[in-house]
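Student: Using only what follows, build the 3D model:
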Amino acid sequence: MKLSGCEQIRLQVRVVKQLNGSAITKKNTEVKIIEVGLRDGLQSVAHVMPTEVKCQWVRAAYDAGLREIEVGSFVPPKLLPQMADTAKVVEYARTLPGLSVNVLVPNFRGAESALAVGVDKINLPISVSRKHSLENVRMTPDEMVTELGKICKLRDSVSSQKQVHVTVSLATAFGCSLQGEVSEEEVCRLAEAAMAVGADSLNLADTVGYANPTQVRRLFRLIGHIVGEKMAAAHFHNTRGLGLANALAAMDCGIRQLDASLAGLGGCPFAPGATGNIVTEDLVFMVESMGFHTGIDLNLLIESRKILSRWLPSEPLYGYLCRAGLPKSFDPH
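Tutor: Numbers count the residues shown, from 1 in each chain. I've put the predicted structure just below:
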């Protein structure tokens with residue numbers, strides 16, 4: 001029986017939907033969104049958020065379904081007074097079942113503090129840009145690799161029932177506002193060096209928002225050939241409006257862990273022009289709309305923005321979803 005033109009189109013639509021559905025189910029459909037606003041967001045604002053409010057933020061993120069949160073960093077309080085209470089925030093976060101409690105450390109001393117309070121993951125940034133590295137931590141990239149090796153040995157020597165995960169974020173991997181171009185060969189070299197001294201996983205970070213999707217795909221594939229499955233996560237800034245596009249490009253390369261900040265709060269105080277992280281709410285909406293699963297309740301996530309508007313009234317809060325709302329066609333799975 002010959003089908004009419006309309007019937008042929010409907011049949012083709014059904015076939016395409018079935019093919020797309022089967023393609024997604026063959027992939028890893030779970031995407032982990034890592035909230036970094038409490039660290040990367042707050043480190044760039046002047047106002048010091050009270051500890052109890054930070055804990056409210058952690059709880060709100062947890063209630064919304066986030067299961068990995070970077071709650072702060074162990075840096076000298078005189079440099080970043082916003083992070084002076086990180087140990088207390090870690091203590092609270094550890095009371096939430098199933099939450100991976102992460103912190104950033106700039107050096108061995110910071111790692112000692114992190115291990116002492118019982119974090120689940122330590123994130124050590126190593127800037128590929130020599131100029132940014134010297135400005136940020138007063139060490140060259142290679143000196144930071146040596147520091148990483150010491151941290152991994154310390155972690156291995158600590159008697160504990162759990163093994164603390166050590167991840168490396170290769171910062172300014174796509175360019176630097178101090179140095180300009182950052183060579184992909186140098187990114188690859190440092191990625192290999194980080195794995196050689198004991199890092200558990202790697203994160204490529206677009207610290208100043210220089211990346212574009214073509215560059216993202218190329219670099220993630222290059223690094224993937226070097227470190228394999230240890231190429232785990234991506235960290236993008238939305239400085240020039242390409243944050244979500246770059247996140248999608250990373251997902252095309254198999255990345256299933258993405259950093260984001262509630263309301264797009266944040267930036268790097270030691271990198272000129274490094275504004276705005278990806279907005280957590282918008283990222284979750286994009287990922288869920290594509291048929292992937294984050295386990296995050298978007299309504300609760302949007303509700304948690306009130307904590308920021310109340311306690312950081314002078315800070316600009318970003319995001320499209322919070323203004324437009326969820327479309328009627330949205331399927332939360």
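Student: in the chain, which residue is closest to the centre?
Tutor: residue 259 (1.7 Å; CA atoms, centre = their mean).
Student: and that one, helix, strand or coil?
Tutor: Of the three states, residue 259 takes strand according to DSSP: H, G, I helix; E, B strand; the rest coil.
Student: Without its sequence neighbours, what residue ends up closest to it?
Tutor: Computed as CB to CB, 6 or more residues apart in numbering, the closest residue to residue 259 that is not its neighbour in sequence is residue 235, at 4.1 Å. From N, CA and C alone the C-beta is placed, and that goes for glycine too.
Student: if I pick that neighbour, what's in contact with it?
Tutor: 36, 169, 203, 204, 205, 206, 207, 258, 259, 277 (CB atoms under 8 Å, 6 or more residues apart in numbering).
Student: rewinding a little: right, and the residue nearest to the centre of the chain touches residue 238 too?
Tutor: No. The pair residue 259 and residue 238 does not pass the contact test of CB atoms under 8 Å, sitting 11.7 Å apart.
Student: Overlap of the contact sets of those two?
Tutor: Looking at what touches both residue 259 and residue 238 (by CB under 8 Å, 6+ apart), the common residues are 277, 278.
Student: hmm, who's touching the helix or strand harbouring residue 283?
Tutor: Taking DSSP states H and E as the definition, residue 283 sits inside helix 280-289. Helix 280-289 is contacted by residues 31, 33, 35, 37, 244, 247-248, 251, 258, 260-263, 294, 296, 298, 301-302, 305, 319-322, 326, 330, 332-333 when judged by CB under 8 Å, 6+ apart.
Student: Quick one: low-confidence residue ranges for the chain.
Tutor: Screening the chain residue by residue with the criterion pLDDT under 70, one finds the ranges 1-28, 159-161, 267-275, 333.
Student: all strands in it, in order from the N-terminus.
Tutor: If DSSP state E is used as the criterion, the strands of the chain fall at 32-35, 68-73, 100-104, 121-127, 165-171, 201-206, 231-236, 257-260.
Student: can you tell me how far the residue nearest to the centre of the chain sits from residue 76?
Tutor: Here the distance between residue 259 and residue 76 works out to 23 Å (CB to CB, to the nearest Å).
Student: do residue 33 as well
Tutor: Here residue 33 is placed at a distance of 30 Å from residue 76 (CB to CB).
Student: Which one of these two is surrounded by more residues?
Tutor: Using other CB atoms under 10 Å, the more surrounded residue of residue 33 and residue 76 is residue 33, with 27 against 12.
Student: ok, now which ones touch the more buried one?
Tutor: With the criterion set at CB under 8 Å, 6+ apart, residue 33 makes contact with 66, 68, 258, 260, 280, 283, 284, 287, 294, 296.
Student: any idea how far residue 85 is from residue 91?
Tutor: Distance from residue 91 to residue 85, counting by CB to CB: 10 Å.
Student: Among these two, which residue is more densely surrounded?
Tutor: Between residue 91 and residue 85, counted using other CB under 10 Å, the more crowded position is residue 85 (19 against 16).
Student: Setting the sequence-adjacent residues aside, check what's closest to that one.
Tutor: Leaving out its chain neighbours, residue 85 is closest to residue 51 (CB to CB, 6+ apart), at 4.4 Å.
Student: What count of nearby residues applies to the one you found?
Tutor: Neighbours of residue 51 under the rule other CB under 10 Å: 16.
Student: just to revisit the earlier point, and the residue nearest to the centre of the chain, what does it touch?
Tutor: The contact partners of residue 259, by CB under 8 Å, 6+ apart, come to 34, 36, 40, 70, 203, 205, 233, 234, 235, 236, 277, 278.
Student: how close does the third one sit to residue 185?
Tutor: I take that to be residue 40. If you go by CB to CB, the gap between residue 40 and residue 185 works out to 27 Å.
Student: quick one: which of those two has more around it?
Tutor: Ranked by neighbour count (other CB under 10 Å), residue 40 and residue 185 place residue 40 first, with 25 against 9.
Student: Now do the more buried one against residue 323, distance only.
Tutor: If you go by CB to CB, the gap between residue 40 and residue 323 works out to 23 Å.
Student: And residue 215, by the same measure?
Tutor: 30 Å.
Student: okay, these two: which has more neighbours?
Tutor: Here residue 215 and residue 323 are set side by side on neighbour count (other CB under 10 Å), and the busier one is residue 215, at 18 against 7.
Student: what's near enough to touch that one?
Tutor: Residues in contact with residue 215 (CB under 8 Å, 6+ apart) are residue 174.
Student: what does residue 238 give?
Tutor: With CB under 8 Å, 6+ apart as the criterion, the residues that contact residue 238 are 209, 244, 264, 275, 276, 277, 278, 279, 318.
Student: give the contact list for the nearest residue to residue 303 once chain neighbours are set aside.
Tutor: Nearest-residue entry for residue 303: residue 60, 7.5 Å, with adjacent residues in sequence omitted and distances by CB to CB, 6+ apart. In this structure, residue 60 makes contact with 300, 303, 304, 307, judged by CB under 8 Å, 6+ apart.
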